[in-house]
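Novice: Following is a predicted model, sequence given first.
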Amino acid sequence: DTGVSQDPRHKITKRGQNVTFRCDPISEHNRLYWYRQTLGQGPEFLTYFQNEAQLEKSRLLSDRFSAERPKGSFSTLEIQRTEQGDSAMYLCASSLDGVTEAFFGQGTRLTVV
Amino acid sequence: SQQGEEDPQALSIQEGENATMNCSYKTSINNLQWYRQNSGRGLVHLILIRSNEREKHSGRLRVTLDTSKKSSSLLITASRAADTASYFCAADTYGNNRLAFGKGNQVVVIP
């Protein structure tokens, strides 16, 4: 499968715990995006990487959230001290430079209990 | 904040009928895209229309864009049960790398 893959698909965690999600984009794509989607809403932008550089962050990305893309390939999104309000689907997408069409992964559904 | 807002929010139609949904946006855009999302899964890109285009076709899909009204419509012709999904419009603006999504349109096609 050469699409965008995300791991894990589901994560249940207790409030206050840290969680980390992984995204593997399409290999030749240099742009990588993280979005968050809550029930009944559209995805909301969190952050964007061009290669290994994190170029844009939404104000939704509080200081408990951190994203990395160390070698310009896969990316991780970590949430520290999770809160119930963090429960959502976290979507990763990738695209080529100069091309707006984004390819999305299946998402990681986080439930904070 | 979300850029696009779809109308109607939910649509239920019989197989074979056409489904039309609209999207409005607030600021000038570079491109507008439509995505489909099946329940609990990721988004699948359907079609992109540029700000200087007025209409675009892809298979059973027809998208229109009216920049004067800041609105777009997606028409699915001869709907099938497999078209049951949520449909989102997403806009990007010049010099901005993020997509701003609407709240989505849930379409149910009854066999």
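Specialist: Received it, and whenever you're ready, just let me know what you need. Numbers count the residues shown, from 1 in each chain, chains lettered A, B, ... in the order given.
Novice: What separation do you get for the residue of chain B found nearest chain A and A:Tyr35?
Specialist: Here chain B gets closest to chain A at one residue, B:Phe101, 3.2 Å apart by C-beta to the nearest C-beta. All C-beta spots, glycine's among them, are computed from the backbone N, C-alpha and C. B:Phe101 is 8 Å from A:Tyr35, where distance means C-beta to C-beta, to the nearest Å.
Novice: Mutual contacts of the two, please.
Specialist: Contact criterion C-beta atoms under 8 Å, 6 or more residues apart in numbering or on different chains; residues shared by B:Phe101 and A:Tyr35: A:43-44.
Novice: Where does pLDDT dip in the chain?
Specialist: No chain specified, so I'll use chain A. Within chain A, the ranges that satisfy pLDDT under 70 run A:1.
Novice: wrong one, I was asking about chain B
Specialist: Judged by pLDDT under 70, chain B has its weakly predicted residues at B:1-8.
Novice: if we go to 50?
Specialist: Within chain B, the ranges that satisfy pLDDT under 50 run B:1-2.
Novice: Could you tell me which residues of it lie near chain A?
Specialist: B:2, B:4, B:30-31, B:33, B:35, B:40-45, B:48, B:88, B:90, B:92, B:97-104 (C-beta under 8 Å from any C-beta of the partner chain).
Novice: ok so, going back, name the residues linked to the residue of chain B closest to chain A by a beta bridge.
Specialist: Listed by DSSP bridges, the beta-bridge partners for B:Phe101 are B:Ala90.
Novice: Does it touch B:Asp92 like I think?
Specialist: No - if you go by C-beta atoms under 8 Å, B:Phe101 and B:Asp92 don't touch, sitting 10.5 Å apart.
Novice: The two: who's more crowded?
Specialist: For B:Phe101 versus B:Asp92, the count of surrounding residues by other C-beta atoms under 10 Å in any protein chain shown is larger for B:Phe101: 26 against 20.
Novice: quick one: buried residues of stretch A:36-56?
Specialist: By 16 or more other C-beta atoms under 10 Å in any protein chain shown, the buried positions in stretch A:36-56 come out as A:36-37, A:41-49, A:54, A:56.
Novice: Now intersect those with the strands, please.
Specialist: A:36-37, A:44-49, A:54, A:56 (DSSP state E).
Novice: could you dump those to a markdown table with distance to A:Arg69?
Specialist: Listed next are these as a markdown table, based on distance: C-beta to C-beta, whole Å:
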| residue | distance to A:Arg69 |
| --- | --- |
| A:Arg36 | 17 |
| A:Gln37 | 21 |
| A:Glu44 | 20 |
| A:Phe45 | 16 |
| A:Leu46 | 13 |
| A:Thr47 | 10 |
| A:Tyr48 | 10 |
| A:Phe49 | 4 |
| A:Gln54 | 7 |
| A:Glu56 | 13 |
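Novice: out of the residues you listed, who's near chain B?
Specialist: Taking C-beta under 8 Å from any C-beta as the test, chain B is in contact with A:44-45, A:48, A:56 out of those.
Novice: pretty sure A:Val112 is touching A:Ala88, no?
Specialist: No - distance between A:Val112 and A:Ala88: 9.3 Å, which falls outside the contact criterion (C-beta under 8 Å).
Novice: can you map out the strands along chain A?
Specialist: A:5-7, A:10-13, A:19-24, A:31-37, A:44-50, A:53-57, A:65-68, A:75-79, A:88-95, A:103-104, A:108-112.
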